[in-house]
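*Asks:* no sequence for this one, just the structure:
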């Protein structure tokens, strides 16, 4: 969070596994969130950034570059409680917190196929949805016509 003004850098979600962690930040202004993901590694008693970016991704582990951390995250519109993701035939649910979801897989090979959204839960009911469909809903909620075309 160093280098970001405190008013524009809030932790939305985080997950850790041993000496590795993934932190999802909101670096946007009020009403216009901007998600930013950070891979972290612990050395001694301190955490350090190893890679970061404005989208989901994979980063190789320092001790075994054939394995790494896969993050999958995104915005969710108001009213969406959970997102259901398919990754290699395995279905996983992620709760929405502060308008975003985060899933992390640890020590996995670089994927040839990425996780994808297959459904969302609203008011306790699961409904089919896609990555693009969810992005369109978020854009509409924020009044961003760019993705709506």
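*Replies:* Structure received. As the structure is a computational prediction, the values presented were derived from the model and not from experiment.
*Asks:* give the closest residue to the residue nearest the centre of the chain in space, chain neighbours not counted.
*Replies:* Centroid-nearest residue in the chain: residue 73, 2.0 Å away (criterion: CA atoms, centre = their mean). If the residues on either side of it in the chain are set aside, residue 73 comes closest to residue 102, at 4.3 Å by CB to CB, 6 or more residues apart in numbering. Every C-beta, even on glycine, is put in place using the N, C-alpha and C of the backbone.
*Asks:* now do the SS call for the one you found.
*Replies:* Secondary structure for residue 102, judged by DSSP: H, G, I helix; E, B strand; the rest coil, is strand.
*Asks:* tell me the phi and psi of the residue lying farthest from the centre of the chain?
*Replies:* Note on the chain: the largest C-alpha distance from the chain mean falls to residue 44, namely 26.6 Å (CA atoms, centre = their mean). Dihedral angles of residue 44 (phi, psi; degrees, to the nearest 10) stand at phi 70, psi -120.
*Asks:* the strands in the chain, which residues?
*Replies:* Using DSSP state E, the strands found in the chain span residues 10-17, 20-26, 35-43, 46-53, 57-60, 68-75, 80-87, 90-95, 100-108, 116-122, 125-128.
*Asks:* in the fifth one, which residues are buried?
*Replies:* Right, strand 57-60. Buried residues in strand 57-60, counted by 16 or more other CB atoms under 10 Å: 57-59.
*Asks:* same deal with the third one?
*Replies:* In terms of neighbour count (16+ other CB under 10 Å), strand 35-43 has its buried residues at 35-41.
*Asks:* check the offset of that strand from the chain's centre.
*Replies:* 12 Å (CA atoms, centre = their mean, to the nearest Å).
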